[in-house]
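J.: Would you be able to build a 3D model of this:
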Amino acid sequence: MTESDGKPHPGSAGPDGEPVYADRVYRSIPGVISGVLLLAVAGWLIGDAALNGTGKTPYVSLAAVPVFALPVIAYTLRPAVRANERRLVVRNPLRTITAPWAAVDALRAGYSVELLAGGHKYQVWAVPVSLRQRKRANRMQQRGGDQHASRLGTTFGRPAPSVVEGAPDPNRAWSDQVVAILQEMAERNAGRPEAAGPVVVRWCWWIIAPTLVGLAALIAAIVA
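T.: Model prediction:
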(Lines give C-alpha, C1' and ligand atoms only; values in the text may rest on other atoms or scores of the structure.)
Protein backbone atom coordinates (compact mmCIF):
# COMPACT_ATOMS: atom_id res chain seq x y z
CA MET A 1 0.00 0.00 0.00
CA THR A 2 1.38 3.41 -0.85
CA GLU A 3 0.57 7.06 -0.53
CA SER A 4 2.08 10.22 -2.01
CA ASP A 5 3.85 12.57 0.36
CA GLY A 6 1.24 15.31 -0.12
CA LYS A 7 3.90 18.04 -0.29
CA PRO A 8 2.98 21.36 -1.96
CA HIS A 9 4.20 22.01 -5.48
CA PRO A 10 6.88 24.72 -5.49
CA GLY A 11 5.48 28.07 -6.54
CA SER A 12 1.94 26.78 -7.01
CA ALA A 13 -1.11 28.12 -5.24
CA GLY A 14 -4.86 27.79 -5.49
CA PRO A 15 -7.30 30.58 -6.31
CA ASP A 16 -7.58 31.45 -2.60
CA GLY A 17 -3.81 31.77 -2.28
CA GLU A 18 -3.35 28.48 -0.43
CA PRO A 19 -0.63 26.07 -1.63
CA VAL A 20 -1.69 23.31 -4.02
CA TYR A 21 -0.71 19.90 -2.66
CA ALA A 22 0.21 16.85 -4.67
CA ASP A 23 -2.42 14.18 -5.12
CA ARG A 24 -2.67 11.47 -2.51
CA VAL A 25 -2.34 8.12 -4.28
CA TYR A 26 -3.37 4.79 -2.78
CA ARG A 27 -2.93 1.32 -4.27
CA SER A 28 -2.36 -2.22 -3.09
CA ILE A 29 1.35 -3.04 -3.24
CA PRO A 30 0.73 -6.82 -2.80
CA GLY A 31 -1.64 -6.62 -5.79
CA VAL A 32 0.99 -4.88 -7.90
CA ILE A 33 3.66 -7.42 -6.94
CA SER A 34 1.39 -10.37 -7.73
CA GLY A 35 0.49 -8.83 -11.08
CA VAL A 36 4.13 -8.36 -12.04
CA LEU A 37 4.93 -11.95 -11.06
CA LEU A 38 1.97 -13.34 -13.01
CA LEU A 39 2.96 -11.38 -16.11
CA ALA A 40 6.57 -12.54 -15.81
CA VAL A 41 5.61 -16.21 -15.51
CA ALA A 42 3.04 -15.95 -18.31
CA GLY A 43 5.53 -14.16 -20.55
CA TRP A 44 8.07 -16.94 -20.07
CA LEU A 45 5.53 -19.71 -20.73
CA ILE A 46 3.93 -18.01 -23.74
CA GLY A 47 7.32 -17.09 -25.20
CA ASP A 48 8.54 -20.65 -24.87
CA ALA A 49 5.36 -21.99 -26.51
CA ALA A 50 5.56 -19.48 -29.35
CA LEU A 51 9.22 -20.21 -30.09
CA ASN A 52 9.36 -23.94 -29.49
CA GLY A 53 5.80 -25.12 -30.00
CA THR A 54 4.68 -27.20 -32.96
CA GLY A 55 1.55 -27.18 -35.07
CA LYS A 56 -0.90 -24.46 -34.07
CA THR A 57 0.57 -24.10 -30.56
CA PRO A 58 2.50 -20.89 -31.43
CA TYR A 59 -0.66 -19.28 -32.84
CA VAL A 60 -2.77 -20.28 -29.85
CA SER A 61 -0.16 -19.00 -27.42
CA LEU A 62 0.14 -15.63 -29.19
CA ALA A 63 -3.63 -15.25 -29.35
CA ALA A 64 -3.79 -15.89 -25.61
CA VAL A 65 -1.52 -12.93 -24.80
CA PRO A 66 -4.21 -10.20 -24.64
CA VAL A 67 -6.76 -12.58 -23.10
CA PHE A 68 -4.44 -13.21 -20.15
CA ALA A 69 -2.22 -10.12 -19.90
CA LEU A 70 -4.85 -7.38 -20.11
CA PRO A 71 -7.13 -8.76 -17.36
CA VAL A 72 -4.09 -9.25 -15.12
CA ILE A 73 -3.08 -5.64 -15.73
CA ALA A 74 -6.65 -4.47 -15.13
CA TYR A 75 -7.11 -6.27 -11.82
CA THR A 76 -3.63 -5.92 -10.30
CA LEU A 77 -1.68 -2.97 -11.77
CA ARG A 78 -4.44 -0.57 -12.82
CA PRO A 79 -6.51 -0.06 -9.61
CA ALA A 80 -5.60 3.15 -7.79
CA VAL A 81 -7.20 5.98 -5.86
CA ARG A 82 -6.15 9.60 -6.37
CA ALA A 83 -7.42 12.42 -4.19
CA ASN A 84 -6.74 16.13 -4.18
CA GLU A 85 -8.58 19.22 -2.98
CA ARG A 86 -11.06 19.12 -5.87
CA ARG A 87 -12.04 15.54 -6.47
CA LEU A 88 -11.64 11.84 -5.85
CA VAL A 89 -10.65 9.57 -8.74
CA VAL A 90 -11.25 5.84 -8.29
CA ARG A 91 -9.58 3.73 -10.95
CA ASN A 92 -11.15 0.27 -10.95
CA PRO A 93 -10.26 -2.63 -13.29
CA LEU A 94 -12.72 -1.76 -16.07
CA ARG A 95 -13.85 1.79 -15.36
CA THR A 96 -12.77 5.06 -13.77
CA ILE A 97 -15.04 7.02 -11.43
CA THR A 98 -14.35 10.74 -11.03
CA ALA A 99 -16.30 12.23 -8.13
CA PRO A 100 -15.98 15.89 -7.12
CA TRP A 101 -16.01 16.16 -3.34
CA ALA A 102 -19.39 17.91 -3.34
CA ALA A 103 -20.93 14.81 -4.97
CA VAL A 104 -19.41 12.36 -2.46
CA ASP A 105 -21.99 11.21 0.09
CA ALA A 106 -19.76 8.86 2.08
CA LEU A 107 -16.98 6.30 2.05
CA ARG A 108 -17.26 3.15 4.12
CA ALA A 109 -15.20 0.05 4.78
CA GLY A 110 -17.07 -3.17 5.56
CA TYR A 111 -16.02 -6.34 3.79
CA SER A 112 -14.90 -4.02 0.97
CA VAL A 113 -14.37 -0.29 0.58
CA GLU A 114 -17.32 1.46 -1.06
CA LEU A 115 -17.81 4.96 -2.43
CA LEU A 116 -21.30 6.45 -2.25
CA ALA A 117 -21.57 9.33 -4.70
CA GLY A 118 -24.23 10.79 -6.97
CA GLY A 119 -26.85 8.36 -5.71
CA HIS A 120 -24.80 5.31 -6.72
CA LYS A 121 -22.47 2.88 -4.97
CA TYR A 122 -19.03 2.00 -6.34
CA GLN A 123 -16.54 -0.53 -5.06
CA VAL A 124 -12.99 0.73 -4.53
CA TRP A 125 -10.71 -2.03 -5.81
CA ALA A 126 -7.44 -0.26 -4.98
CA VAL A 127 -8.07 -0.42 -1.21
CA PRO A 128 -8.73 -4.07 -0.29
CA VAL A 129 -10.06 -4.87 3.16
CA SER A 130 -8.02 -7.36 5.17
CA LEU A 131 -10.11 -8.90 7.93
CA ARG A 132 -6.95 -10.42 9.42
CA GLN A 133 -5.28 -7.02 9.58
CA ARG A 134 -8.42 -5.52 11.12
CA LYS A 135 -8.58 -8.23 13.80
CA ARG A 136 -4.91 -7.72 14.59
CA ALA A 137 -5.46 -3.96 14.94
CA ASN A 138 -8.45 -4.56 17.19
CA ARG A 139 -6.35 -6.81 19.42
CA MET A 140 -3.73 -4.09 19.71
CA GLN A 141 -6.40 -1.60 20.69
CA GLN A 142 -7.71 -3.95 23.35
CA ARG A 143 -4.21 -4.33 24.77
CA GLY A 144 -3.96 -0.59 25.12
CA GLY A 145 -1.23 -0.19 22.54
CA ASP A 146 -1.94 3.48 22.02
CA GLN A 147 -1.62 4.29 25.76
CA HIS A 148 1.60 2.29 25.91
CA ALA A 149 3.03 4.17 22.94
CA SER A 150 2.03 7.46 24.55
CA ARG A 151 3.87 6.55 27.77
CA LEU A 152 6.98 5.59 25.84
CA GLY A 153 6.81 8.67 23.65
CA THR A 154 7.85 11.24 26.26
CA THR A 155 10.91 13.29 25.55
CA PHE A 156 12.43 15.63 28.12
CA GLY A 157 9.26 15.51 30.17
CA ARG A 158 7.00 16.48 27.24
CA PRO A 159 4.53 13.92 25.85
CA ALA A 160 4.97 13.04 22.20
CA PRO A 161 1.98 12.13 20.03
CA SER A 162 1.32 8.39 19.82
CA VAL A 163 0.65 8.54 16.07
CA VAL A 164 2.31 10.92 13.62
CA GLU A 165 -0.07 12.33 11.02
CA GLY A 166 0.38 10.49 7.73
CA ALA A 167 2.24 7.59 9.32
CA PRO A 168 0.80 4.06 9.54
CA ASP A 169 -1.30 3.53 12.67
CA PRO A 170 -0.75 0.02 14.10
CA ASN A 171 -4.05 0.30 15.95
CA ARG A 172 -6.10 0.51 12.73
CA ALA A 173 -6.27 -1.56 9.56
CA TRP A 174 -4.80 0.15 6.48
CA SER A 175 -8.14 0.20 4.65
CA ASP A 176 -9.83 1.85 7.64
CA GLN A 177 -7.10 4.49 7.78
CA VAL A 178 -7.50 5.29 4.07
CA VAL A 179 -11.29 5.55 4.37
CA ALA A 180 -10.95 7.88 7.37
CA ILE A 181 -8.51 10.13 5.48
CA LEU A 182 -10.69 10.27 2.36
CA GLN A 183 -13.85 10.90 4.38
CA GLU A 184 -12.12 13.76 6.18
CA MET A 185 -11.00 15.21 2.83
CA ALA A 186 -14.58 14.96 1.53
CA GLU A 187 -15.96 16.84 4.53
CA ARG A 188 -13.23 19.48 4.38
CA ASN A 189 -13.36 20.15 0.64
CA ALA A 190 -17.05 19.67 -0.22
CA GLY A 191 -17.74 23.39 0.11
CA ARG A 192 -15.04 24.49 -2.34
CA PRO A 193 -16.44 26.01 -5.56
CA GLU A 194 -13.97 23.99 -7.64
CA ALA A 195 -15.11 20.75 -5.92
CA ALA A 196 -18.61 20.89 -7.43
CA GLY A 197 -19.89 18.89 -10.40
CA PRO A 198 -21.42 15.55 -11.35
CA VAL A 199 -19.91 12.10 -11.00
CA VAL A 200 -18.32 10.93 -14.26
CA VAL A 201 -17.87 7.23 -15.06
CA ARG A 202 -15.66 6.17 -17.98
CA TRP A 203 -15.18 2.60 -19.18
CA CYS A 204 -11.67 1.36 -19.87
CA TRP A 205 -12.11 0.38 -23.52
CA TRP A 206 -8.38 0.00 -24.15
CA ILE A 207 -8.58 -3.11 -21.96
CA ILE A 208 -12.09 -4.33 -22.80
CA ALA A 209 -11.89 -4.14 -26.62
CA PRO A 210 -8.47 -5.82 -27.13
CA THR A 211 -9.43 -8.55 -24.66
CA LEU A 212 -12.59 -9.36 -26.61
CA VAL A 213 -10.71 -9.29 -29.92
CA GLY A 214 -8.02 -11.54 -28.45
CA LEU A 215 -10.67 -13.94 -27.15
CA ALA A 216 -12.20 -14.19 -30.61
CA ALA A 217 -8.74 -14.79 -32.11
CA LEU A 218 -7.98 -17.44 -29.49
CA ILE A 219 -11.21 -19.31 -30.21
CA ALA A 220 -10.51 -19.14 -33.94
CA ALA A 221 -6.96 -20.44 -33.45
CA ILE A 222 -8.18 -23.36 -31.33
CA VAL A 223 -10.98 -24.50 -33.65
CA ALA A 224 -8.99 -23.93 -36.85
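J.: Which residues belonging to the longest helix along the chain are considered buried?
T.: Determined from DSSP state H, the single longest helix within the chain is helix 29-52. By neighbour count on 16 or more other CB atoms under 10 Å, the buried set for helix 29-52 is 31-32, 35, 38-39, 46, 49-50. Just so you know, the C-beta spots here come from the backbone N, C-alpha and C atoms, and that holds for glycine as well.
J.: residue furthest from the geometric center of the chain?
T.: Distance from the centre of the chain peaks at Gly55, with 42.2 Å (CA atoms, centre = their mean).
J.: Show the pLDDT at that residue.
T.: Gly55 carries a pLDDT value of 91.
J.: mind checking the SS state of it?
T.: Three-state assignment for Gly55 (DSSP: H, G, I helix; E, B strand; the rest coil): coil.
J.: What's the separation between it and Trp44?
T.: Here Gly55 is placed at a distance of 21 Å from Trp44 (CB to CB, to the nearest Å).
J.: what do you get for Leu131?
T.: 34 Å.
J.: Just give the closest residue to the residue most central in space within the chain, not the sequence neighbours.
T.: Nearest residue to the geometric centre of the chain (CA atoms, centre = their mean): Ala126, 2.4 Å. Take Ala126 and drop its neighbours on the chain: the residue closest to it by CB to CB, 6 or more residues apart in numbering is Pro79, 3.9 Å away.
J.: count of residues packed around that neighbour?
T.: Neighbour count for Pro79, taken as other CB atoms under 10 Å: 22.
J.: Would you mind listing the outside residues contacting the longest helix of the chain?
T.: 1-2, 57-58, 60-62, 64-65, 68-69, 72-73, 75-77, 79, 128 (CB atoms under 8 Å, 6 or more residues apart in numbering).
J.: which residues does Arg134 contact?
T.: Arg134 neighbours (CB under 8 Å, 6+ apart): 173, 175-176.
J.: Turn those into JSON lines, columns for distance to Glu114 and secondary structure.
T.: What follows is those, written out as JSON lines (distance: CB to CB, whole Å; DSSP: H, G, I helix; E, B strand; the rest coil):
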{"residue": "Ala173", "distance to Glu114": "15", "secondary structure": "coil"}
{"residue": "Ser175", "distance to Glu114": "11", "secondary structure": "helix"}
{"residue": "Asp176", "distance to Glu114": "13", "secondary structure": "helix"}
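J.: just curious, which of those is nearest to Ala106?
T.: Asp176 (14.1 Å; CB to CB).
J.: The closest one and Pro128: what is the separation?
T.: Counting by CB to CB, the gap from Asp176 to Pro128 is 12 Å.
J.: Between those two, which has more neighbouring residues?
T.: Using other CB under 10 Å, the more surrounded residue of Asp176 and Pro128 is Asp176, with 19 against 16.
J.: I figured the more buried one hits Arg108, correct?
T.: No. Under the criterion of CB atoms under 8 Å, Asp176 is not in contact with Arg108, lying 10.0 Å apart.
J.: immediately after the longest helix of the chain, which helix or strand?
T.: helix 57-72 (DSSP states H and E).
J.: just the angle between that following helix and helix 29-52, please?
T.: 170 degrees (axes from the mean of the first three to the mean of the last three CA atoms, to 10 degrees).
J.: Can you name every helix or strand that helix 57-72 contacts?
T.: helix 29-52, helix 205-223 (3 or more CB pairs under 8 Å, 6 or more residues apart in numbering; DSSP states H and E).
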